[in-house]
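**Student:** Sequence first, predicted coordinates after that:
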Amino acid sequence: MTGTKTAPFAGRLIQTAFTTADIRETMREMTARLGIGPWFLRERGVFRNQVYRGQPATTALAIAMGYAGDMQFEIIQQLDDSPSVYREAAERSGHGLHHFGVAWTDYDAALAHYRSLGFTLAYSAEVANGARVAYFDTHGTLPAMVEAIELLPATEAMFGRFQAAARGWDGSDPVRPLA
């Protein structure tokens, strides 16, 4: 890649995320073929303060997270018909790679950074442990959206527990429910 400059960057790539029509089948396949696991599954959740393309949203999701090495993998299944970043991507190109999750300790700096690159804020919400996330539409530039994840101490601890469970995992108890 000639002529490509690295942008000033304070985030850390920690996640690769996918959408699916069947979260349990996708977990099984990714475990069997890629060794990802165990999975931590929230069967149904509606995040607080969702905003999709400038409008309030109430999208219901099933979400699973698991690790292979240092990379976190996330699988998302939308459970309703509401407009969302998940539905728009699936309608555009089918289920599969959806976003890259980048952890930031300074959420406002993350928003400013991606906006300075010309990316449009497509979705934001408050997720587990009160952390905020923001998805930026990178269509035409990157092969998936970018999610800025606010890395609060509680969020980092949760991810650390998930990753620790993956180290030396023997394949037992492959799906672990989350409240």
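**Tutor:** Looks like it came in fine. Numbering: from 1, shown residues only.

**Student:** what sits up against stretch 93-103?
**Tutor:** Here stretch 93-103 makes contact (C-beta atoms under 8 Å, 6 or more residues apart in numbering) with 11-21, 72, 74, 76, 85-86, 89, 110, 135, 142-149, 151, 156. To be clear about C-beta, it is placed using only N, CA and C from the backbone, and glycine gets the same treatment.

**Student:** Now do the buried residues in it.
**Tutor:** Within stretch 93-103, the residues that count as buried by 16 or more other C-beta atoms under 10 Å are 95, 98-103.

**Student:** Give me the subset of the contacts of stretch 93-103 lying in helices.
**Tutor:** 85-86, 89, 110, 156 (DSSP state H).

**Student:** Among the residues you listed, which one has the most neighbours?
**Tutor:** Of all those, residue 110 has the most neighbours under the rule other C-beta atoms under 10 Å, reaching 26 neighbours.

**Student:** Distance-wise, check that residue relative to residue 84.
**Tutor:** Using C-beta to C-beta, to the nearest Å, residue 110 is found at 21 Å from residue 84.

**Student:** Now do the strands in this protein.
**Tutor:** 12-19, 39-46, 48-52, 55-56, 60-68, 71-78, 97-104, 120-126, 132-137, 145-150, 175-177 (DSSP state E).

**Student:** Show me what the third one is packed up against.
**Tutor:** What that stands for is strand 48-52. strand 120-126 (3 or more C-beta pairs under 8 Å, 6 or more residues apart in numbering; DSSP states H and E).

**Student:** Each with direction, which strands does the strand it packs on pair with?
**Tutor:** strand 48-52 (antiparallel), strand 132-137 (antiparallel) (DSSP bridges).

**Student:** Tell me which of those is the most buried.
**Tutor:** Mean neighbours per residue, mean count of other C-beta atoms under 10 Å, is largest over the strands paired with strand 120-126 for strand 132-137, with a mean of 23.
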